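> Using only what follows, build the 3D model:
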Amino acid sequence: MQSVVVKVSGHELDDAQFLADFAQTIAAMTQPVIVVHGGGREISELQQKMGIEPRYADGLRITDAASLALVEMVLCGVVNTRLTRLLVNAGVEALGMSGVDRGLVRATQMQHPQQDMGFTGEVASVRGDVLRDLLANGVTPVIAPICLGSDSAYNVNADHVAGAVAAAVDAERVVFLTNVPGVLVDDAVVPTLTPSTCEALVKDGTIFGGMIPKVRTALSALDHGVTQAVITNLEGLRIGGGTVFQRT
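Residues are numbered from 1 along each chain as shown. Okay, the predicted model is just below:
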């Protein structure tokens, strides 16, 4: 049975009701599941408490040396443990881990034409065998996107990790959870989109604002070899709804 990769945003990961509902939804799924999570909001809050101003380039966090320690604390410690705990208590055989564990996700420094990205990385490889073995034993991996570099750990965008993980395990689909039921046109969810259709809808302004990076993320997953990418909310994950992105 092919697996499903579910990426859950850091914006919801400090919401107790969302987390309870999320855990119950994952527990009810019949397919093997891999969870990849972010934690951006809590990272930014801790940075500010420590007197570090969050910095971004093209929407991606610039991770300097001081910030890397905080990012590891939040993602691998607070958020991963919280999410794993709730899943286990909901009856899921969840195992919290990061991309560093067993060299699960290797990364290199992200290159940017105008900006040194520090310890912000991009995925170089994923050990799909490690994840397939866990799934075969009924274990649900819960992955923090701190990844293994040759000289350091790297902070990698969770969306990118989810797409790369889905491709590495030949997942049936990768689901990006958001706060809307899917891509909306005239207040109705568009059930399917192709790359060319997406570009046309972005160009004519139908897809705009915060939905544009979500759509780009879904298309990037297809570029990584994933058969289907889905944008939806928690209810859509529960009932199989949302907008499905596929090549044809």
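
> Can you give me every residue that contacts the closest residue to residue 31 other than its chain neighbours?
Leaving aside its chain neighbours, residue 31 sits nearest to residue 4 (5.1 Å; criterion: CB to CB, 6 or more residues apart in numbering). All C-beta spots, glycine's among them, are computed from the backbone N, C-alpha and C. Residue 4 is in contact with 29, 31, 32, 33, 34, 171, 172, 173, 174, 175, counting by CB atoms under 8 Å, 6 or more residues apart in numbering.

> Residue 220 too?
Counting by CB under 8 Å, 6+ apart, residue 220 has contacts 159, 160, 163.

> Pull the contacting residues for the last one.
Looking back up the chat, that one is residue 163. For residue 163, the contacting residues are 174, 217, 220, 221, 224, 226, 229, by CB under 8 Å, 6+ apart.

> can you give me how far stretch 32-41 is from the chain middle?
Put simply, stretch 32-41 sits 5 Å off its chain's centre (CA atoms, centre = their mean, to the nearest Å).

> Quick one: end-to-end length of it, please.
One end of stretch 32-41 sits 28 Å from the other (CA to CA, to the nearest Å).

> try stretch 137-151
With CA to CA as the measure, stretch 137-151 spans 32 Å from end to end.

> In that stretch, which of the residues would be classed as buried?
Under the neighbour-count criterion of 16 or more other CB atoms under 10 Å, stretch 137-151 has 139, 140, 141, 142, 143, 144, 145, 146, 147, 148, 149 buried.

> Tabulate the residues you listed in CSV, adding columns for pLDDT.
Shown next, in CSV, are the buried residues of stretch 137-151 (pLDDT from 0 to 100):
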residue, pLDDT
139, 98
140, 98
141, 98
142, 98
143, 98
144, 98
145, 97
146, 98
147, 98
148, 98
149, 97
